[in-house]
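> quick one, structure for this:
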Amino acid sequence: MELGDSLTVIIVIFAGVIIMFVFPLMALSERTDDISELSVQSSTTDFVDNVRSTGKLTLDDYDRFWQEITSTGNSFEVEMEAQILDENPGVKTTQAEMTKIGENVYYILYTSQIEDRLNNSTDHILTFKEGDRFSVTVRNTNTTIAQILRNFFYSIAGNGTYQIAAQHAGIVTVNGTK
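Residues are numbered from 1 along each chain as shown. So this is what the prediction gives:
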């Protein structure tokens, strides 16, 4: 056997190994990330819709949401935003009608403020009123197997990229009570 024939055999064996093992592993890891993303999107939608329909966010609901998304085996960054409708944007009596377009004023609470209010209140509940807005964005912070394989073969993903993400927002439809 000549040197050229040996090199060809080695290249063919290497290509066969890639086709038989690496590509199926990439497909399986991509599928796992898709399932994780679907699970996180479903949990995020349920969490936001619960806040919208009850008018309140409890520490128990927030903890349950964290448990659901981390059960995928990934770590996440969760960003929450609550836009609270200011009931008294001015002292003018002509602004008594809050449904007029252009006269509604919102103040915003971000994740750390929401968490502080949940942890520091005696009942661990943050109440909303009809017309408030609530949104949640979730992104994974770990590197998944699919990202590692993709980086190895394609070198396309860099720092700050995420594979699994979900977002949901809506307007609160009821006044929450404690």
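> now residue 14: which helix or strand?
Under the criterion of DSSP states H and E, residue 14 resides in helix 3-17.
> I'd like the next helix or strand past that helix.
Going down the chain from helix 3-17, the next helix or strand is helix 23-54, by DSSP H and E.
> for the helix or strand just after that next one, name the packing helices and strands.
As assigned by DSSP H and E, the chain's next helix or strand after helix 23-54 is strand 56-58. Using 3 or more C-beta pairs under 8 Å, 6 or more residues apart in numbering; DSSP states H and E as the contact criterion, the elements in contact with strand 56-58 are helix 111-120, strand 125-127. Bear in mind the C-beta positions are built from the backbone N, C-alpha and C, glycine included.
> could you list the low-pLDDT ranges of the protein?
For the chain, applying pLDDT under 70 flags the ranges 1-4, 88-103, 155-161, 178.
> report the separation between residue 70 and residue 136.
15 Å (C-beta to C-beta, to the nearest Å).
> ok, now residue 169?
For residue 169 relative to residue 136 (C-beta to C-beta), the value is 7 Å.
> which one of the two is surrounded by more residues?
residue 136 (22 against 14; other C-beta atoms under 10 Å).
> that one: what secondary structure?
For residue 136, the assignment made with DSSP: H, G, I helix; E, B strand; the rest coil gives strand.
> OK, contacts around it?
Contact analysis of residue 136 by C-beta atoms under 8 Å, 6 or more residues apart in numbering lists 44, 47, 48, 78, 79, 80, 81, 166, 167, 168, 169.
> how about 6 Å then?
44, 48, 80, 168 (C-beta atoms under 6 Å, 6 or more residues apart in numbering).
> let's have those in JSON lines, adding neighbour count and distance to residue 125.
What follows is the contacts of residue 136, written out as JSON lines (neighbours: other C-beta atoms under 10 Å; distance: C-beta to C-beta, whole Å):
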{"residue": "44", "neighbour count": "24", "distance to residue 125": "20"}
{"residue": "48", "neighbour count": "21", "distance to residue 125": "16"}
{"residue": "80", "neighbour count": "22", "distance to residue 125": "15"}
{"residue": "168", "neighbour count": "19", "distance to residue 125": "21"}
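> closest to residue 64 out of the residues you listed?
Nearest to residue 64 among those, counting by C-beta to C-beta, is residue 44 at 12.4 Å.
> nearest spatial neighbour of that closest one, skipping sequence neighbours?
The shortest distance from residue 44 to any non-neighbouring residue, by C-beta to C-beta, 6 or more residues apart in numbering, is to residue 166 (4.2 Å).
> next: residue 129.
Using C-beta to C-beta, 6+ apart, the nearest residue to residue 129 is residue 175, at 4.8 Å.
> select the longest strand from the protein.
strand 76-85 (DSSP state E).
> ok, and what's touching that strand?
69, 106-111, 114, 131-141.
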